[in-house]
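Participant: Below: sequence and its predicted model.
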4 protein chains.
Amino acid sequence: GPCAIESREQAFAIAERVRAAGARLFRGGAYKPRTSPYSFQGLGEQGLKILAEVRAEFGLKIVTEAVDAESLDLVEQYGDVIQIGARNMQNFSLLKRAGRARKPVLLKRGLSATLDEFLMAAEYILAEGNPQVILCERGVRTFADHTRNTLDLSVVPAVERLSHLPILVDPSHGTGRREKVLPLSRAAVAVGADGLLVEVHHQPSKALSDGYQSILPDDFDRLLEEVRAIAAVLGRTLAAQPTAAQAAKALH
Amino acid sequence: GPCAIESREQAFAIAERVRAAGARLFRGGAYKPRTSPYSFQGLGEQGLKILAEVRAEFGLKIVTEAVDAESLDLVEQYGDVIQIGARNMQNFSLLKRAGRARKPVLLKRGLSATLDEFLMAAEYILAEGNPQVILCERGVRTFADHTRNTLDLSVVPAVERLSHLPILVDPSHGTGRREKVLPLSRAAVAVGADGLLVEVHHQPSKALSDGYQSILPDDFDRLLEEVRAIAAVLGRTLAAQPTAAQAAKALH
Amino acid sequence: GPCAIESREQAFAIAERVRAAGARLFRGGAYKPRTSPYSFQGLGEQGLKILAEVRAEFGLKIVTEAVDAESLDLVEQYGDVIQIGARNMQNFSLLKRAGRARKPVLLKRGLSATLDEFLMAAEYILAEGNPQVILCERGVRTFADHTRNTLDLSVVPAVERLSHLPILVDPSHGTGRREKVLPLSRAAVAVGADGLLVEVHHQPSKALSDGYQSILPDDFDRLLEEVRAIAAVLGRTLAAQPTAAQAAKALH
Amino acid sequence: GPCAIESREQAFAIAERVRAAGARLFRGGAYKPRTSPYSFQGLGEQGLKILAEVRAEFGLKIVTEAVDAESLDLVEQYGDVIQIGARNMQNFSLLKRAGRARKPVLLKRGLSATLDEFLMAAEYILAEGNPQVILCERGVRTFADHTRNTLDLSVVPAVERLSHLPILVDPSHGTGRREKVLPLSRAAVAVGADGLLVEVHHQPSKALSDGYQSILPDDFDRLLEEVRAIAAVLGRTLAAQPTAAQAAKALH
């Protein structure tokens, strides 16, 4: 899906395309944590209502971010998967609240989180009684300047050795550059990720956020084709994967 | 002050010593964001009540951390300065709530925050109408393994060029090693910091958190003596500094 | 091949196995740059002679590292590909000398080299008249502690956009952990790398260096099988790749 | 001194000024390791001859960089202190050659060198029989973008605990920004460094390299005044410091 929900028209246009490509999940932000207080902050509850319409119209499951206790209440009500963003990975109050939710939680790795810190953040959710946690690698901060973040694919086999939790990879935020999304998506599936989060926008140059890292729907079709072929090499099919993760791959 | 408020006895013992050394501010955590959900999480409101007693008894101003909207309400009620920790530097809901508070906010730099992100986080507070923001450098994440974090003192002159806000340095979290607190405190004052946050504990080996980076009260006396002499070289006196920051240096 | 040439027996045992797996190149170090002066430093010219025997016996091309002008003279004489290690990526005297060699140069990325610095280091070789430069990503230094280095696969598509030079990936040094070599090898081929450098040892626990990141010959067979299948998905065959790089993949 | 020796006139103009300020050492590069092969590479032996004239004329000791075995032979002949640059910190052949020299060696920390690697690099020199090694912190690579490198002052007390070797700090390369050189010089002395390396140029805007981080002679006067006052607070005088280091501070 897109980074942020901007309007009903935008959401429907993208949902239609990714649904046609075989997606089952749709991610879009109604609450957007932005570096600057003067950037577009998301549509809030209005965005959540648009997402609910997307579900009704296209049969897609909705993944969307909660940024505090109030938005989590609403996301739990309108959405299907509650996303906790990288900047909130150690917002322990929010993690505990997510641990009391009845819906799966997608937890993104912080920009400088060690593996231990990442798994301990998940533990905050699990310890409150919510067993449905999906991890997501989205790049870490390094000195490298040819990419917005450095995607750390080695964390995928490391998680597999230490945890039963599924792990997705987000090559859109992980690289911050559109032209790297396709090759890093292939690599993420090849390394063993349980799914992908990819930003798709039908008019990236007009996107209110993250346009430079969103790919076009046609590129998304090609991406799905290539990652399916690589998944097959590993003896995995999209349908054989953990439910939430599979949906994430299939769709998003 | 100490990292966490553990008991009335501990808080009073430390407060008495730092007050005698000339401190005017006392920092102690009632709400502790910890990597693991199974570590000591702080005494909560009970800790805030102990801090209020410390103020009444010793005439020290209280600095303590808020981790969500509810604890911020209480910290605003019981404390004098509201601390936002490094892990919450981009918890924008919390920043906005702090921006509506009537008390000064001490904002710690995130472990991988760029200078722009740090100043933009302060802007979230300022934009809501609270002009009393104090920045605090407390170390960043790097590959270096001889120190828990890498204290980035170069951010101090960089902040001075870009912002009117005062900036403190926390050499305790910034190094994570007791033996480095004194030399890095000297360096922080020499580079131009407006004050210091130093963890002091009368029995570090029994501390419930951060004992290995807390210094003893006697070392704190020596630290104050050395940094006062360096401040004098720069033509600054503790009393000549911004109110909140000065208090922080004088005490904490 | 192995990290270091330890003896004629060791080199022949490994060469026989990787040759059988279809390899055409054999990498082994005669001159070993080691962090400590008290670690095994390699066999020197004696190691080069063993490598020459490996070539004569098994028909494998030899890749081995030069660390200064003298060893480069010998490597040029005995070997087929001259390796410049990560620690020498900005040893400009050595790069210039390699630029005057008549054999291909395998240039490994420094542990904290930006993409520009990496390409400029290659330029030192090219500018002296040697057009045969092969780049190699082998991991960079970050805060992450679940892996020895952080393999930066995003540099592969970045190199493809900026340079005509082929780029290999070394998942052995790039992760430093045996169990990550197979998944990261798959990811490297999926992202578009022109080949792999993989450390293989028939008795890793007895290796004089890097034993913990060397895989067994049987695992190497499986690795080659999987990466060939992924290369096929991308429409690439091993034989279709640049000569030096292909050899590197096929063998090493 | 300046970064690079550009001409007799430039060297003499700067030497005259720093001599007047009380300096005893003069650092200038005749061999310049540059990222690009197309940048100014230094004057080579001609530069060394100019440096020898500076010594004869102003009574200053000469510190200059060697980049390979040949330049080291010449630097040993013309200079007083042999510098090994950050990019060559793990050029072990060069370190061994420096270990057989009869003159002190100034070893700069690599951009991503851990403390262990730094001390082990010194050990390569010591193990060959040269006991005169001076360490130098000059900044490390991190994600921070408000400074060219991140000066790691915490390494100074760490070296003091683990080694008898003196350690200098180079705030010019360590920050890469002229306006940070003065405050970080104060901090370096306050943290306990045994001396400073500071780039001074009488016409920074015309410098062939590093002009943006060179300070003017007048600023150097002020810098010396401030760091002397801070050294006095620590009970140190410039004259009480190790010979080479003291000279470096006094001069350079």
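Facilitator: Now that the structure is in, tell me what you want to look at. Numbering: from 1, shown residues only, chains lettered A, B, ... in the order given.

Participant: Let me know the angle separating the longest helix seen in chain A from helix C:217-233.
Facilitator: Longest helix in chain A by number of residues (criterion: DSSP state H): helix A:217-233. Computed by axes from the mean of the first three to the mean of the last three C-alpha atoms, to 10 degrees, the angle separating helix A:217-233 from helix C:217-233 equals 150 degrees.

Participant: Show me which positions of helix A:217-233 end up buried.
Facilitator: A:217, A:219-221, A:223-224, A:226-231, A:233 (16 or more other C-beta atoms under 10 Å in any protein chain shown). C-beta: built from backbone N, CA, C; applies to glycine.

Participant: now these as a markdown table including pLDDT and distance to chain B?
Facilitator: Output for these, formatted as a markdown table (pLDDT from 0 to 100; distance: C-beta to the nearest C-beta, whole Å):
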| residue | pLDDT | distance to chain B |
| --- | --- | --- |
| A:217 | 90 | 31 |
| A:219 | 92 | 30 |
| A:220 | 93 | 29 |
| A:221 | 92 | 34 |
| A:223 | 94 | 29 |
| A:224 | 93 | 32 |
| A:226 | 95 | 32 |
| A:227 | 95 | 29 |
| A:228 | 94 | 35 |
| A:229 | 95 | 36 |
| A:230 | 96 | 31 |
| A:231 | 95 | 32 |
| A:233 | 93 | 34 |
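
Participant: Mind picking the two most distant members of those residues?
Facilitator: Across the buried residues of helix A:217-233, no pair lies farther apart than A:217 and A:233, at 25.5 Å, counting by C-beta to C-beta.

Participant: and residue A:43, helix, strand or coil?
Facilitator: At residue A:43 the chain is in coil, as set by DSSP: H, G, I helix; E, B strand; the rest coil.

Participant: how many neighbours does it have?
Facilitator: 23 (other C-beta atoms under 10 Å in any protein chain shown).

Participant: From what I see, it and residue A:30 are in contact.
Facilitator: Yes - if you go by C-beta atoms under 8 Å, residue A:43 and residue A:30 touch, sitting 5.6 Å apart.

Participant: shared neighbours of the two, which are they?
Facilitator: A:4-5, A:50 (C-beta atoms under 8 Å, 6 or more residues apart in numbering or on different chains).

Participant: From those residues, list the ones also adjacent to chain B.
Facilitator: Among the shared contacts of residue A:43 and residue A:30, proximity to chain B is found for none (C-beta under 8 Å from any C-beta of the partner chain).

Participant: before we move on, the earlier item: just checking, what packs against the longest helix of chain A?
Facilitator: helix A:8-20, helix A:178-191, helix C:217-233 (3 or more C-beta pairs under 8 Å, 6 or more residues apart in numbering or on different chains; DSSP states H and E).

Participant: how about the strands of the stretch 1-150 of chain A, start to end?
Facilitator: Under the criterion DSSP state E, counting those that start in this stretch, the stretch 1-150 of chain A contains strands at A:25-27, A:61-65, A:81-84, A:105-108, A:133-137.

Participant: sorry, back to before: from the shared contacts of residue A:43 and residue A:30, pick the one nearest residue A:17.
Facilitator: Distances from residue A:17 to these, taken by C-beta to C-beta, are shortest for residue A:5, at 15.3 Å.

Participant: Just give me the neighbour total for residue A:203.
Facilitator: 14.

Participant: for chain D, what are the nearby residues on the stretch 101-250 of chain A?
Facilitator: Residues of the stretch 101-250 of chain A lying near chain D (C-beta under 8 Å from any C-beta): A:141-143.

Participant: Can you report how many residues lie near residue A:35?
Facilitator: Residue A:35, neighbours per other C-beta under 10 Å, totals 18.

Participant: So which bits of the stretch 51-200 of chain A are right by chain B?
Facilitator: A:67-69, A:71, A:87-88, A:90-94, A:96, A:111-112, A:116-117, A:120, A:123-124, A:127, A:140-141.

Participant: Buried ones from these, can you make that a ChimeraX selection?
Facilitator: Of these, the buried ones can be selected in ChimeraX as follows, counting by 16+ other C-beta under 10 Å:
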select /A:67,68,69,71,87,88,90,91,92,93,94,96,111,112,117,120,123,124,140,141
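
Participant: quick one: which of the residues of the stretch 51-200 of chain A next to chain B sit in helices?
Facilitator: Using DSSP H, these in helices are A:69, A:71, A:92-94, A:96, A:116-117, A:120, A:123-124.

Participant: Closest one of these to residue C:18?
Facilitator: The closest of those, once distances to residue C:18 are taken by C-beta to C-beta, is residue A:116, at 36.4 Å.

Participant: Check the gap between the closest residue to the closest one other than its chain neighbours and residue B:91 for me.
Facilitator: Taking C-beta to C-beta, 6 or more residues apart in numbering or on different chains, and ignoring the residues beside it in sequence, residue A:116 has residue B:35 as its nearest neighbour in space, at 7.3 Å. Per C-beta to C-beta, to the nearest Å, residue B:35 is found 16 Å from residue B:91.

Participant: returning to what we had before: flag the least confident of the shared contacts of residue A:43 and residue A:30.
Facilitator: The lowest pLDDT within the shared contacts of residue A:43 and residue A:30 belongs to residue A:4, with 86.

Participant: my guess is that residue meets residue A:40, correct?
Facilitator: Yes - counting by C-beta under 8 Å, residue A:40 is a contact partner of residue A:4 at 6.8 Å.

Participant: what do these two both touch?
Facilitator: A:32, A:208-209.

Participant: Tell me the one of these nearest chain C?
Facilitator: Comparing those against chain C with C-beta to the nearest C-beta places residue A:209 closest, at 21.2 Å.

Participant: that's a helix at the closest one, yeah?
Facilitator: No - Residue A:209 is assigned coil when assessed by three-state DSSP, not a helix.

Participant: Could I get the contacting residues of it?
Facilitator: A:3-4, A:29, A:32, A:34, A:39-40.

Participant: give me phi/psi at it?
Facilitator: Dihedral angles of residue A:209 (phi, psi; degrees, to the nearest 10) stand at phi -160, psi 150.

Participant: does stretch A:180-196 come close to chain C?
Facilitator: Yes - Stretch A:180-196 comes into contact with chain C (C-beta under 8 Å from any C-beta), by way of A:180, A:183-184, A:186-192.

Participant: what does the stretch 1-150 of chain A put close to chain C?
Facilitator: A:112, A:114-116, A:140, A:142-147, A:150.

Participant: ok, now with 6 Å
Facilitator: Within the stretch 1-150 of chain A, the residues that sit near chain C (C-beta under 6 Å from any C-beta of the partner chain) are A:112, A:114-115, A:142-143, A:145-147, A:150.

Participant: circling back: ok, so of the residues of the stretch 101-250 of chain A next to chain D, who is nearest chain B?
Facilitator: Checking these one by one against chain B (C-beta to the nearest C-beta), the nearest turns out to be residue A:141, at 4.1 Å.

Participant: The closest one reaches residue B:113, doesn't it?
Facilitator: No - look at residue A:141 against residue B:113 with C-beta atoms under 6 Å: they stay out of range, at 9.1 Å.

Participant: gap between residue A:132 and residue A:164?
Facilitator: 12 Å.
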